[in-house]
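S.K.: A structural model of the following input is requested.
(4 chains)
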Number of protein chains: 2
Amino acid sequence: MELPEAKQKFIEAWGKLGSEWGINRTMAQVHALLLVTPETLTTEEIMEALSISRGNANMTLRDLMSWGLVEKQHKAGERKEYFYADKNTWNIARQVAKERRKRELDPVLKILDELTKVEGDKKDPAYQTFNKSVTDINKLAKNVDKTLETMLKAEESWFWGSIFKIFK
Amino acid sequence: MELPEAKQKFIEAWGKLGSEWGINRTMAQVHALLLVTPETLTTEEIMEALSISRGNANMTLRDLMSWGLVEKQHKAGERKEYFYADKNTWNIARQVAKERRKRELDPVLKILDELTKVEGDKKDPAYQTFNKSVTDINKLAKNVDKTLETMLKAEESWFWGSIFKIFK
DNA sequence: TTAAACTTTCAATATATTTTGAAAGTTCAA
DNA sequence: TTGAACTTTCAAAATATATTGAAAGTTTAA
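M.R.: Numbers count the residues shown, from 1 in each chain, chains lettered A, B, ... in the order given. Here you go, the predicted model:
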C-alpha cells in the first residue's frame, strides 16, 4: 500500500470509529488528517483534502479546538490561520477522556447521586429493584470516574505499567 | 422525589448517556426500564411504558438480546413472551465492553496493524509523521484491548481492588 | 478610510437514523 | 384445518444530525 492510500484508510477508519462512539465523523476525519500531516494546514487545504465546505471546516476546527485537540498558529506577516494537532497519543487520550468526563459522565453522576437518595417503602419490590440498580450503577460510575481522574494525572508508561503489573 | 418520577428520570438519563455514546436512545431506555422493574415485562407493557410502537419495541428487544443484556422468558401455558434484564451491573459493563470490543475496536485494530506495515521513505516527513501516529495509536489501542480482555475475565471487586491498590 | 484577504454565521438543504404501523408470518389449541 | 394470539418485517414517514454556501463580519495594510 502506498502512503496516500494509507492516509486515506486511516482517515476513514478514524472517522468510522469516531461516529460509532458519538463523535461527528467529519471532526474525527479532520483530526486524523492533521495527525498524519507534519505541517500545519489552512482551512482551505483541509476543505480541499476532505472535500468539505468552508462552513463545515470552520465549525469542525472550532470544535476540535474546544476539545483541546487542535491549535491555531499565526505566522508572522500572514493573515491566514494555520492549524495543527498535538500528535502525542497519550495527550490525545487524556484530552478526550477529560472532556467526555466533564460533558457526559459528570452530569450523569449528579443525577445518579440524587436518585440514590430517593426514599421508598423498603418492602416494595419496585423500590428495592430501583434502589439496587441505581446504587450499583452509581458505584460503578464512581469507580470509572476515579480511574479517569488518575489517568488524567498520569504518565503513559507509568499508567500502563501499573495496570499490567497487576493484571499480569 | 417519588418513585415513578425517579424511574422516569433514570430512564431519561440512561437514554441520554446512551445516545452520547453511540447507543440508540430507545434501546438504552428500554434497558433502563427493565433494570428498574422487578418483574418480567411483555412487549405490550414496554410499548405502553415508553410510548413506542410495536415494531420499535420488537427490534429494540432483539437488539438488547443480541447485546446479551436482556433475555426472553416463556411462561408455561402462555403464548406471550416475557423479557427481563440481568441486573448485575458488573455483568452489564462486561457485556457492553465485550460487544463494543468485538464490533468496533477489533476492526480498527486490524486496520491499524496493516497501516503500521506500510513502507515508505524514512527521510520523508510525511511518511515519518504518518508512521509515528499510526504506530502510537496502535500501541494505545492494544493496551486498551488487553485491559478489556482482563476486565472480561475478572470479578468486579478484584478488578477495582487491583486498580485502586495501584492508583492509591 | 478603503478594500482585499480572510473568518464566522446560520437558514436552507441534504443526509442519516429512528420510528411507525399495517400487513405478513408464526404458533398452537381446538 | 382454522383462527385467535401473538411476533416479525419493512417501506414509508418522522426526526435528528450534519453540511452547504452565500452573506455578513473582521482584520490589516496601504
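
S.K.: quick one, helices of chain A?
M.R.: Counting by DSSP state H, chain A forms helices over residues A:3-20, A:25-35, A:43-50, A:54-66, A:89-100, A:106-116, A:125-153, A:156-167, given from the N-terminal end onward.

S.K.: contact partners of stretch A:143-157?
M.R.: Contact with stretch A:143-157 is made by A:89-90, A:93-94, A:97-98, A:101, A:105-106, A:109, A:159, B:160, B:163-164, B:167, as judged by Cβ atoms under 8 Å, 6 or more residues apart in numbering or on different chains. C-beta: built from backbone N, CA, C; applies to glycine.

S.K.: can you check stretch A:12-24 too?
M.R.: Identification of contacts with stretch A:12-24 by Cβ under 8 Å, 6+ apart yields A:25-29, A:31-32, A:35, A:60, A:63, B:19-22, B:103-104, B:108, B:111-112.

S.K.: pLDDT value on A:Trp160, please?
M.R.: Listed pLDDT for A:Trp160 reads 92.

S.K.: correction: the previous question concerned A:Lys16.
M.R.: Predicted confidence (pLDDT) for A:Lys16: 97.

S.K.: quick one: it and A:Arg25, what's the gap?
M.R.: Taking Cβ to Cβ, to the nearest Å as the criterion, A:Lys16 is separated from A:Arg25 by 7 Å.

S.K.: could you do A:Glu156 as well?
M.R.: A:Glu156 is 27 Å from A:Arg25, where distance means Cβ to Cβ.

S.K.: which one's more surrounded, the two?
M.R.: Set side by side, A:Glu156 and A:Arg25 show more neighbours around A:Glu156, with 18 against 15, by other Cβ atoms under 10 Å in any protein chain shown.

S.K.: residue furthest from the geometric center of chain A?
M.R.: Residue distances from the centre of chain A (Cα atoms, centre = their mean) peak at A:Lys123, which lies 43.0 Å from the mean C-alpha position.

S.K.: so where's chain A uncertain?
M.R.: For chain A, not a single residue meets the criterion pLDDT under 70.

S.K.: how's it carved up into domains?
M.R.: Taking automatic domain parsing as the reference, chain A has its domains at A:3-85, A:89-167.

S.K.: turn the ones you listed into TSV, including distance to B:Val118.
M.R.: Conversion of the domains of chain A to TSV gives the following (distance: least, Cβ to Cβ, whole Å):
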stretch	distance to B:Val118
domain A:3-85	4
domain A:89-167	18
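
S.K.: A:Lys9 contacts B:Ile111, correct?
M.R.: Yes - when contacts are counted by Cβ atoms under 8 Å, A:Lys9 is listed as touching B:Ile111 (6.4 Å).

S.K.: fine, thanks again, bye for now.
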